[in-house]
Structures are given as structure tokens and as C-alpha cells.
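**Q** The sequence isn't on hand, but the structure is:
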């Protein structure tokens, strides 16, 4: 047991420098949300930063508005592309900020500045397939009211945000139960498969043209304007003035057609966002940059290290915390009810929610991901430690108690070794679960195998999804095999023997 | 090394006039005038224990003299195993007092008591993750015994229990039933206890091995002059080992005394019935 722990700790320490390498003063960190357009804008910012001689780190495809904005305020990020409508309605929701000047003042108080609009307005619209529009007689959003059975699939973010479904439903008096949440990138496929009738789209989405969607007219003028802007930290103007100047030069340079075309290239033609952004920079600013795409093996190696780092650190913390908790739960049954209840409750918190809870405390990147994985590792280990100790037969317990040993000696010499098969099984379960869960770390920039999976979902690129999913599955199998080996080392030989008679 | 270890401290416990044949010849006793002075290692007075609403031991009183072997017998569930667990404080009595070597057994002295008692249960209760050697020496290692002392003691115990030394490196799962029992006995004797408590020590063995071990065990008890309380459900075994036998029924001691006395003067009908049910005749139990 001790040996296993030591191994984990060594692995943890060895992996630490990987994450710390990126935080130097000459570097700028750019964030982007988990959809193509945001990633392209992020790549454009990154290209500009490189052109001005900075090390640009692009944390692409992060989980959502809240996460990015908090990351920006906390200084985890320097720049990201945001939309004016989102700033008014989502970030400063309920704060009665309606003019750009108010927004700037409010942002300024948080240490953040906003560029002028980059050009295009990427607002929301409700899209349906032309056949559906004809069949159900849909032309305007108001028409949805006349079709009580209409199935609407809105992106999860749209379902929840103040300027999304709740207001739309009130404004157009739509049936509350018609809409359900799903991932934006999956929505197009669900629409095509006729699983749903209407979805929310961004007006610069490449798919609108691709699927020939009919956009329902916003006859009550509900949707706000969503002009893209860059939000950046005030102190960036001193730390990287050339970069800020370059960002300001993008103002007004990207119109709707241009953005839709870039989205289409990335999303429909499967071109790398870096290449798309590089073309834009070349055409608009005569910046020639080498769109450097890492080779598959290099990417795999990098992500494997990141993934292992997340899982190993979380497991090392989990093991060193959960076994004592399991022991306490066993020795103090009343406290045990509380402990088991608490770790079970943690398990029911959705991963994304847990990540979001962690951000104010731990920022973004790996710490919150590790914290979340750590919490998820507790239940299997605590429960199995408790179960293993509880399953020691009464005769053995009494034989043990009849010996004059201290509680610590009993625990170390007899109880833990006897419970070790169960504890190992718990650790194994937790590790395999965490290898899967760690893919969600990509949502908050912790990297790992989740990165290609998220990008693959976003780009509807099965190859990319597999590039993350297959190594994750292999890693889980490898972990399984490694545990088979460790079990031989840790579980005493006497427990692995069958009784001879 | 072990001889007379049971009465290291000759503090006189009880002065008591002994009825004839009450104790065996090995019981530590001396005559003072016309009184006989006994040294009781275990004095159990009016103890009761209720488990899960059922009285398992009710108002039981018994005394065990130094060097004596007391067999405890009775039908299943009569509370005989619980009696041993009460002595070790593995379960606490609801009422009554247990004295070990004139010391009232409480939480504060339980460690002392357990150190001086060897406990062997049915099938041995050996820890499966430790080798036979690991099982036998676990207490001694934590008590800081030197390597020489350990190996000397092991050598002695191997000889005593007829366990070949190479068997010590096997795990319990690799031992036969009889070997497991012998190893368990070694563990019970390792710390040179004053008292041995044996709970159906031969219950899981087949008749041949059982027969062989019965002989050996009695020889060991006698040669070491230990105080022994042995629980069994077999009257022949009880008579074979015990200087006295205690017959229990529903948590109560029905009769305590030498078997011959129980046959000749049964305390009540239950004693007669029990003896009849076990097809026991006095000659079986006689030496």
C-alpha cells in the first residue's frame, strides 16, 4: 500500500513542471469558447501576438462564458473574444447595464477593457429545415405558438441564459415544455435526423448555408445584437502594448460574410482553425505566419502527459485522503454515515457544475480539474475501504482483539492488509472512472484527451473524436493491467491463495 | 521455560473449605489447619449478558483454580462461547464481576488480561494474509522481542505442538485443518500466558486427527500446568480434558463438578437427559 502511494507521489512530482512552464511574463494567454468561431477569433489574436513577438498560449474551447470571464478577471486569461449581447445580458445580467458606456465603466472597474466591434453581428436565430417550415407552416417565431407539439432543441447555454429561452418563451408566449437542452454542435445532427423541429443557431454558423436552414423571422424584435469584441485585461496595455494595438486594428475588419466563410472552412471543410486564421491575417494585415500544426505523435504525447498528470495527481490525493476517511467511517459508525453520505453526494454533482464551482476558488486549467477528479475518486475508495474493513469476519476480528495490540498496530498489521483486495478494487474503479472524467478537463483548459474530443464534437469530425477517445480507452485498459500487476505487489500472497481443503 | 507459569504471584485469593473431589491434584492449594487455601485465577460472579434481546448468559458464577482445566459444555446457543468472550472483554457483561488473578476486569486492565490469556477458536482464527510464523509471532514482534528470543520460543513451540519448522513459512490456506489448529495453539501459547481459553478448538477436524490432537493437547496442558477453559459440545471431549465440567443451559450453569459426580448426583433432570443424549457412560470419561 505504502509503495503504491509512493509511486503516485513520485509520478505527481515528476509531472508538475509540464504545467508550470507556460507562465512567463513575455507570454499572453488567449481564451476561446467551445465553438469554432470563438476558436478562430482566438487564433487570430494568437497570430497577432506572435507577430508582435510574444509567446501566445491559446487555451481553446473552454467551457462557457462564466468560465472565460471569471478567468479573465482572475488573470488566468489575458484576452478572449466576447459578444456585446452576452456582456449585457449574461455577464452583467440583472445589473441594468444597457449602454456601451455603462458596460465599459463596469468592465473597467473589474480591470478589463473592451475593443470596438470587430464587424459582424452574430446573433441568435431560430432555424428549421425548409420541409419542416412548410409542413408546420412556420415563418415567424410567433408561428411556433400555433404548433403545440413542436420539438425545440436549444443549446444548453441558450436554455439557461437570461437572454435565452426563459425570456424568449415569455416574450412569444411559447409552451414551456417544448424546448429541451442539448449541445449546440449536436443540434444540427438532431435536426437533420428529424429528432427535433427547431434549434437555435448563431447567424454566422456555417451550417445555416450547408443545411439550407430557414431562419424564422424575429417578428417581436426579441434578439439583441451580438457584436463580436475582444475583452482584454487593462494591465495588458502596459505589459504587451504592441499586442493591444494589434488587437485594436482588427476592429471593424470582419463582416458577416467573412466570418461565415471562415466558419465554413473550419467546420465544413475540416481545415485547421490556425490555418483559417493565418489566411485572414495574411489577407487583412499581410502577416505571413507559418500555421504550425503539431504531428499526431507529438500531440498524442503532449495530451497523454497532460491526461496522466490530471489523473495521477488526483488519484494520489484521492488515495491519501479516502483510505483514512474509510477507516474513520468504519471505526466511528455514526460519523461514517456522514462521511459516506457526503462523498456520495459529491458524486451526484455533474462534472461541469463541479468544475464551475471550483473556478472561483482555483481558477482555470488543471487545479480545478484535479480538484474535481479528486472529489470523484473519493466515493469508490472510501466505500471500498469501509466495505473491506466491515467484511472482516467476526472470528478474525475477535482473534485480533484478543491479542494485545494497539489500535494502530491492528489497523496496519491486520485490518488494512485484510481489506486490501477491496481497497485496491476501489482504487482501480476510481482510476478508470477518472481516466474517463479527465476528458472533461479540456473544458477548462486542463488539456488531455478531452481536447480532441471537444474539438471533434465541435467540428463534427469523428476522426478527431477518436483521436481522444481511443487513447483514453487504451489508457483505461492499461491502468487495468497495471493494477493487475500492483495487486500482486500490494495484496498479501496469503489472501490470493485458495484454501487447499 | 513454562513450568508453573500460572502461579507466578502467589497472592492468596480465597480461603475456602473444599468439599471432597472438588479440584484436581494439580490445583494450587495448601492446607492451613483444616481449611484449604486455593488460588483462583478466574472468578466469575453473577455475570449476565443480553445480546439482541436474548439473555445469553444469566447470573452465572464459576471459579477456576490455577492449573485446573475446566470444560464448558452444553447445547448450541447455551452461552458457552460468550462466556469466553466475556472473560476477554470482547463483549462486556451487563451485570456481574469477572476477576482475573484477583483483578477486576475492566476497560483499563483489559490489555493486561489479554496479554496473559491465549485464545484459540474453532478453525484457528489465523490471519490469512500472514504466514504461520507471522501469525504466531505477531504479538511478540510488537512487544519488542529480540530475534534470538523469538526463534528460541518458536523452536520450543514447534516441538511442543509437533509442527515441522518448514511449515511456518506457509500461509493458513496452505495448511491442513490439523496444522492450522496446531499453529493457532502456538499463537495462543507464544506469550507464555497464564490461562488458555479454547473455543471448540477441535470442532472443525475429522475424527482421526481430532483423536490424535486430543491426546496431544491434554499432554500439553498437563506439562505446562496451565489454567485452561475449554468449550466443547462433545461430552466425551469435555470429560477427557476437564478436571471439572460445567454444564450450561440457556445461559445458566446447571452443574459444575467432576464428571463422575455429575453422573452419580445429577443436579436435575436436564443433566441426566444431556448425558443420555450424548450416549455417555462413566467409563468413557474415566482415565
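**A** In hand now; what should we look at? Just so we're clear, the structure is a prediction, and the values are computed from it rather than from any experiment.
**Q** and chain A, which residues reach chain B?
**A** Within chain A, the residues that sit near chain B (Cβ under 8 Å from any Cβ of the partner chain) are A:395-396, A:398-406, A:409, A:413-414, A:417-418, A:420, A:492-495, A:497-501. Placement of C-beta: from N, CA and C, glycine included.
**Q** Quick one: distance of the longest helix belonging to chain B to the chain centre.
**A** Longest helix in chain B, counting residues (DSSP state H): helix B:207-224. Helix B:207-224 sits 13 Å away from the centroid of its parent chain (Cα atoms, centre = their mean, to the nearest Å).
**Q** buried sites along that helix?
**A** B:209, B:210, B:213, B:214, B:217, B:220, B:221, B:224 (16 or more other Cβ atoms under 10 Å in any protein chain shown).
**Q** does chain A sit close to that helix?
**A** No - figure legend: helix B:207-224 not in contact with chain A (Cβ under 8 Å from any Cβ); closest approach 11.5 Å.
**Q** Show me how chain A divides into domains.
**A** A:24-121+A:226-285, A:124-216, A:296-496 (automatic domain parsing).
**Q** And the buried residues of helix B:207-224, which is closest to chain A?
**A** For those, the closest approach to chain A (Cβ to the nearest Cβ) belongs to residue B:209, at 11.5 Å.
**Q** got a list of what the closest one touches?
**A** The neighbours of residue B:209, taking Cβ atoms under 8 Å, 6 or more residues apart in numbering or on different chains as the test, are B:176, B:177, B:178.
**Q** Now the second one. Nearest residue, chain neighbours left out?
**A** Taking Cβ to Cβ, 6 or more residues apart in numbering or on different chains as the measure, residue B:177 lies nearest to residue B:205, with 5.1 Å between them; neighbours along the chain are not counted.
**Q** so the one you found makes contact with residue B:213?
**A** Yes - applying Cβ atoms under 8 Å, one finds residue B:205 in contact with residue B:213, separated by 6.7 Å.
**Q** can you pull out the helices in the stretch 351-500 of chain A?
**A** With DSSP state H, counting those that start in this stretch, the ranges of helices along the stretch 351-500 of chain A come out as A:351-362, A:366-390, A:394-402, A:407-410, A:416-437, A:450-459, A:462-490, A:493-496.
**Q** one step back: I'd like to know which of the residues of chain A next to chain B are buried.
**A** A:396, A:398-405, A:409, A:413-414, A:417-418, A:420, A:492, A:494-495.
**Q** State the distance from the nearest residue to residue B:267 once chain neighbours are set aside to residue A:74.
**A** Of all residues not flanking residue B:267 in the chain, residue B:255 sits nearest, at 4.0 Å (Cβ to Cβ, 6+ apart). Separation of residue B:255 from residue A:74 (Cβ to Cβ, to the nearest Å) stands at 83 Å.
**Q** Checking residue A:186 next. Helix, strand or coil?
**A** Taken by DSSP: H, G, I helix; E, B strand; the rest coil, the conformation at residue A:186 corresponds to helix.
**Q** Assess the claim that it and residue A:457 are in contact.
**A** Yes - contact criterion Cβ under 8 Å: residue A:186 and residue A:457 qualify, at 7.3 Å.
**Q** Which helix or strand contains residue A:330?
**A** In this assignment (DSSP states H and E), residue A:330 forms part of helix A:296-331.
**Q** Helix A:462-490 and that helix, what's the angle between them?
**A** Helix A:296-331 and helix A:462-490 are oriented at 50 degrees to each other (axes from the mean of the first three to the mean of the last three Cα atoms, to 10 degrees).
**Q** list the helices and strands helix A:296-331 packs on?
**A** Here helix A:296-331 touches helix A:2-15, helix A:17-20, helix A:333-348, helix A:366-390, helix A:416-437, helix A:450-459, helix A:462-490, going by 3 or more Cβ pairs under 8 Å, 6 or more residues apart in numbering or on different chains; DSSP states H and E.
**Q** want to try JSON lines for those, with mean pLDDT as columns?
**A** Listed next are the helices and strands packed on helix A:296-331 as JSON lines, based on pLDDT from 0 to 100:
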{"stretch": "helix A:2-15", "mean pLDDT": "44"}
{"stretch": "helix A:17-20", "mean pLDDT": "39"}
{"stretch": "helix A:333-348", "mean pLDDT": "90"}
{"stretch": "helix A:366-390", "mean pLDDT": "90"}
{"stretch": "helix A:416-437", "mean pLDDT": "90"}
{"stretch": "helix A:450-459", "mean pLDDT": "78"}
{"stretch": "helix A:462-490", "mean pLDDT": "86"}
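**Q** Distance to residue A:237 added to the ones you listed, as a markdown table?
**A** Shown next, in a markdown table, are those (distance: least, Cβ to Cβ, whole Å):
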| stretch | distance to residue A:237 |
| --- | --- |
| helix A:2-15 | 35 |
| helix A:17-20 | 26 |
| helix A:333-348 | 42 |
| helix A:366-390 | 28 |
| helix A:416-437 | 39 |
| helix A:450-459 | 31 |
| helix A:462-490 | 36 |
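**Q** which stretch among these comes nearest residue A:150?
**A** helix A:450-459 (25.8 Å; Cβ to Cβ).
**Q** anything in stretch B:45-60 near chain A?
**A** No - contact between stretch B:45-60 and chain A is absent, the nearest approach being 12.4 Å (criterion: Cβ under 8 Å from any Cβ).
**Q** What of stretch B:120-131?
**A** Yes - shown here: stretch B:120-131 in contact with chain A (Cβ under 8 Å from any Cβ) through B:121, B:122, B:123, B:125, B:126, B:127, B:128, B:129, B:130, B:131.
**Q** rewinding a little: can you pick out the residue with more neighbours from residue B:255 and residue A:74?
**A** Each of residue B:255 and residue A:74 has its neighbours counted (other Cβ atoms under 10 Å in any protein chain shown); residue B:255 has more, 19 against 13.
**Q** What is the helix or strand hosting the more buried one packed up against?
**A** In this structure, residue B:255 sits in strand B:252-257 according to DSSP H and E. Applying 3+ Cβ pairs under 8 Å, 6+ apart, one finds that strand B:252-257 contacts strand B:54-65, strand B:244-249, helix B:269-277.
**Q** Just send these back as TSV, with mean pLDDT and mean neighbour count too.
**A** Compiled in TSV, the helices and strands packed on strand B:252-257 are given as follows (pLDDT from 0 to 100; neighbours: other Cβ atoms under 10 Å in any protein chain shown):
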stretch	mean pLDDT	mean neighbour count
strand B:54-65	87	20
strand B:244-249	89	24
helix B:269-277	86	14
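**Q** Quick one: closest of those to residue B:189.
**A** Nearest of the helices and strands packed on strand B:252-257 (Cβ to Cβ): strand B:54-65, 17.9 Å.
**Q** Find the residue at the geometric middle of the chain.
**A** Unless you meant another one, I'm taking chain A. Nearest residue to the geometric centre of chain A (Cα atoms, centre = their mean): residue A:443, 1.6 Å.
**Q** Switch to chain B, please.
**A** The centre of chain B sits closest to residue B:229, judged by Cα atoms, centre = their mean, with a distance of 2.3 Å.
**Q** what helices or strands is the host helix or strand of that residue leaning on?
**A** Element membership for residue B:229, per DSSP H and E: strand B:227-231. Where contact means 3+ Cβ pairs under 8 Å, 6+ apart, strand B:227-231 is packed against strand B:40-51, strand B:54-65, strand B:69-73, helix B:80-87, strand B:195-199, helix B:235-241.
**Q** Dump the ones you listed to JSON lines, plus distance to residue B:135.
**A** Formatted as JSON lines, those follow (distance: least, Cβ to Cβ, whole Å):
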{"stretch": "strand B:40-51", "distance to residue B:135": "26"}
{"stretch": "strand B:54-65", "distance to residue B:135": "27"}
{"stretch": "strand B:69-73", "distance to residue B:135": "25"}
{"stretch": "helix B:80-87", "distance to residue B:135": "19"}
{"stretch": "strand B:195-199", "distance to residue B:135": "16"}
{"stretch": "helix B:235-241", "distance to residue B:135": "24"}
